[in-house]
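1. Quick check, what structure comes out for this input:
(one chain, ligands or ions: 1)
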Amino acid sequence: MIIQDFQEKKNNRVPISMVTCYDSWSAALIAQTEIDCVLVGDSLAMVVYGHDSTIPVSVGTMAAHTAAVRRGMPEGFIIGDLPFLSCRKGLEQAMDSVGSIMSAGANAVKLEGAAGNVELVAHIVESGVPVMGHLGLTPQSVHQLGGFKVQGRGQGAAETLRNQALELEGAGCFALVLEAIPAKVAAEVSRALTIPTIGIGAGPDVDGQVLVLQDLLGVNTSFRPKFVRTWMDGSTLIREALDAYHRDVTSGQFPNGRESYR
Ligand code: KIV
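-> Numbers count the residues shown, from 1 in each chain. So this is what the prediction gives:
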C-alpha cells in the first residue's frame with residue numbers, strides 16, 4: 001500500500017482494512033496478511049501499558065513503538081499517532097513530534113480533532129508528511145467529552161462533525177478516522193468527503209474499518225464494546241497454551257531429549 005492507494009480505493013469503492021499494531025512480532029505477522037495498513041495507535045497506553053486513558057503516553061514512547069513495528073514490517077504502510085498535547089505547544093513542538101514519529105519509520109501521522117488543528121494539518125502536509133485526521137470520539141479529549149461516549153448525536157453535533165471533516169479534507173488530510181458516531185452520520189460524512197473515511201464504531205457505510213488488534217483477536221476480555229467483533233477466542237487459546245506449558249514443565253515432560261543440547 002502506498003499513499004495514493006487510499007484515494008484509489010475510495011474511488012473504486014474498495015474498503016480499506018486497518019488494524020492497530022504496537023510491536024515487532026505482531027507487525028511481522030500482519031505483514032504476512034492482506035491487511036492494508038497498520039496504526040501505531042496511542043491506544044497502546046491502555047492496551048500495552050494498562051492506563052485508563054491514552055493521555056499518559058509520550059512522543060518518545062510512540063516513536064519507540066513505531067520503530068518496533070517498522071522493524072517487524074519493513075514494507076507495510078504505517079500510520080503513527082501523535083499523542084496527547086504533542087502538537088498543542090506551538091508549531092516547533094508540533095513539527096518535532098511529527099519528526100520523531102516519521103524518523104521512527106512511519107509513513108504518515110494521525111492527529112485527533114479539528115478545532116485549532118486545521119492550519120497545523122496544512123503545514124504538516126505542506127512539509128511532505130501525510131496526515132490522517134480523527135473525529136467523533138477522540139480519546140485524548142476524554143475529560144472534555146465526559147467519558148468514552150458516542151459522539152455526533154443530534155443534528156447540531158452531526159453538522160459540526162461534517163463541517164470539521166470538510167475542514168480537515170480541505171487542509172490536506174489523506175483519510176479520516178471516524179470513531180463512535182451513529183452509522184447514519186458516518187455515512188453522510190463519508191459521502192460528503194472525497195477522501196476515505198475509516199470507521200471504528202461508525203457502522204458499515206464508511207470507506208474502511210479499523211479495530212484494535214487485541215480486540216479482534218479476542219485477547220482483551222475486559223473490553224467488549226458493541227462495535228467489536230472477535231475473529232478468534234484469543235484469551236482462551238492463550239490460557240490453554242500457557243496451562244499446557246505449565247503442565248509439561250511441572251510434570252517433567254518439557255524439555256525432552258530433542259529439545260536439549262547433547
Ligand atoms: O489509538 C488508536 O488505536 C486509535 C484507533 C482506535 C482509531 O486511534
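
2. Could you tell me which residues of the stretch 151-262 of the chain lie near the ligand?
-> Applying CB under 6 Å from any ligand atom, we find that the stretch 151-262 of the chain lies next to the ligand at 177, 179, 200, 210, 212. Backbone N, C-alpha and C define where each C-beta goes, glycine included.

3. For those residues, work out which two are farthest apart.
-> Within these, Val177 and Val212 form the most distant pair, 12.4 Å apart (CB to CB).

4. for the chain, what are the low-confidence residue spans?
-> Under the criterion pLDDT under 70, no range of the chain is flagged.

5. 80 instead?
-> Residues of the chain that meet the criterion pLDDT under 80 lie in 223.

6. and whichever residue of the chain sits closest to the ligand, how many neighbours?
-> Nearest to the ligand, among the residues of the chain, is Gly41, at 2.2 Å (CB to the nearest ligand atom). Counted with other CB atoms under 10 Å, the neighbours of Gly41 add up to 30.

7. Give me the nearest residue to it, chain neighbours excluded.
-> Nearest residue to Gly41, sequence neighbours excluded (CB to CB, 6 or more residues apart in numbering): Thr20, at 4.4 Å.

8. Can you name the residues of the stretch 1-150 of the chain sitting close to the ligand?
-> Residues of the stretch 1-150 of the chain found near the ligand (CB under 6 Å from any ligand atom) are 20, 39, 41-43, 81, 134.

9. Can you add secondary structure and give those back as a markdown table?
-> As requested, those are exported to a markdown table (DSSP: H, G, I helix; E, B strand; the rest coil):
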| residue | secondary structure |
| --- | --- |
| Thr20 | strand |
| Leu39 | strand |
| Gly41 | coil |
| Asp42 | coil |
| Ser43 | coil |
| Asp81 | strand |
| His134 | strand |
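
10. just the strands in the stretch 51-200 of the chain please.
-> 77-81, 108-112, 131-136, 175-179, 197-200 (DSSP state E, counting those that start in this stretch).

11. Show me what the first one pairs with in its sheet, parallel or antiparallel.
-> Taking DSSP bridges as the criterion, strand 77-81 sits next to strand 37-40 (parallel), strand 108-112 (parallel) in its sheet.

12. Most tightly packed of the ones you listed?
-> With neighbours taken as mean count of other CB atoms under 10 Å, the strands paired with strand 77-81 reach their highest mean count in strand 37-40, at a mean of 29.
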